[in-house]
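Peer 1: this is the structure alone, sequence omitted:
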């Protein structure tokens, strides 16, 4: 008498899928807690505080530059408000490039556990950095609202939230792509550091790109962060972006980065597990 083969029922498949998702969710939360405790220890407490106040400090530094040039307003908007709104997308991208790529090598000792994958380490570090930057940006904007009179247009609030979501997606795609090569090649540390410094001047953070000559604007149009910055100011303050600014360009760039990131991760997944 032959045994009847067992088939996986749809209920069983979805149950396994849900259990797998819960298992990986617990792994990610555990890594987030580990990163937070490590950062909040006495040795790294200052760096944790710095992540939250960095947007405010950079805003003040750039505002001092404008006030030294006797420019209290930019495009009819207070310099402080102009720079503070510009710093929100830039700060997310900056932390994604600076801290998240180090997660792969920082958690290599946990990869001996079957449930922990390098991808989980990247997600956990990104969530922690995103939460800290978002909290710091929210506190900065709240104090500007309380003391300076920051007013954000309400007729484009849905588009503004969409820009923040798009900035988050772009930041993660960029961080994931860079994380793979950061773990594999030491020279990428220097490359990422130089890229982060250059982006401050190439992302239209402290100046309106539309006021620049068309030749320079054409070059800035290749940088998706400049699109995020200009569109965020448009939906929040009503400032007209430069002509090439496009949400679709950023979306396509994000999809390409995510695709390249997953391809790079899949091709080098075994090397990442062995990397010390």
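Peer 2: Alright, I've got the coordinates. Since the structure is predicted, the reported quantities are computational estimates derived from the model, not experimental observations. Residues are numbered from 1 along each chain as shown.

Peer 1: the strands in the stretch 1-150 of the chain, which residues?
Peer 2: With DSSP state E, counting those that start in this stretch as the criterion, the stretch 1-150 of the chain has strands at 73-74, 77-78.

Peer 1: who does the last one pair up with?
Peer 2: In the sheet, strand 77-78 lines up against strand 73-74 (antiparallel) (DSSP bridges).

Peer 1: if we can go back for a sec, weakest of the strands of the stretch 1-150 of the chain in terms of mean pLDDT?
Peer 2: Here the strands of the stretch 1-150 of the chain differ in mean pLDDT, and the lowest is strand 73-74 at a mean of 70.

Peer 1: which helix or strand in the chain has the lowest average pLDDT?
Peer 2: Least confident helix or strand, the chain: helix 45-68 with a mean of 65, by mean pLDDT, DSSP states H and E.

Peer 1: which strand or helix spans the spatially most central residue of the chain?
Peer 2: In the chain, the residue lying closest to the centroid (C-alpha atoms, centre = their mean) is residue 171, at 3.2 Å. In the assignment (DSSP states H and E), residue 171 maps to helix 157-184.

Peer 1: and that helix, what other elements does it pack with?
Peer 2: Applying 3 or more C-beta pairs under 8 Å, 6 or more residues apart in numbering; DSSP states H and E, we find helix 157-184 packed against helix 79-98, helix 103-106, helix 118-143, helix 187-202, helix 224-237, helix 247-267, helix 269-274. For the C-beta atoms, the positions are set from N, CA and C on the backbone; glycine is no exception.

Peer 1: so which of these is nearest residue 112?
Peer 2: Evaluated with C-beta to C-beta, the helices and strands packed on helix 157-184 place helix 269-274 nearest to residue 112, the distance being 8.8 Å.

Peer 1: so which bits of that closest one are buried?
Peer 2: Using 16 or more other C-beta atoms under 10 Å as the test for burial, helix 269-274 gives residue 272.

Peer 1: and that helix, how far from the chain's centre?
Peer 2: 25 Å (C-alpha atoms, centre = their mean, to the nearest Å).

Peer 1: got a list of contacts for that helix?
Peer 2: Applying C-beta atoms under 8 Å, 6 or more residues apart in numbering, the external contacts of helix 269-274 come out as 104, 111, 118, 180, 183-184, 265.

Peer 1: related to what we said a few turns ago, with adjacent residues omitted, what lies nearest to the residue nearest to the centre of the chain?
Peer 2: Distance criterion C-beta to C-beta, 6 or more residues apart in numbering; nearest residue to residue 171, sequence neighbours excluded, is residue 96 at 3.9 Å.

Peer 1: same check on residue 100?
Peer 2: residue 175 (3.8 Å).

Peer 1: neighbours of the one you found, how many?
Peer 2: The number of residues packed around residue 175, counting by other C-beta atoms under 10 Å, is 28.

Peer 1: touching, residue 228 and residue 89? I think so.
Peer 2: Yes: applying C-beta atoms under 8 Å, one finds residue 228 in contact with residue 89, separated by 4.2 Å.

Peer 1: now do the shared contacts for the two.
Peer 2: Joint contacts of residue 228 and residue 89 (C-beta under 8 Å, 6+ apart) are 163, 167.

Peer 1: comparing those two, which residue is more hemmed in?
Peer 2: residue 89 (30 against 27).

Peer 1: now do the same contact list for that one.
Peer 2: Shown in contact with residue 89 (C-beta under 8 Å, 6+ apart): 163-164, 167, 225, 228-229, 232.

Peer 1: so who does residue 88 touch?
Peer 2: Applying C-beta under 8 Å, 6+ apart, we find residue 88 in contact with 55, 137, 141, 164, 167, 232.
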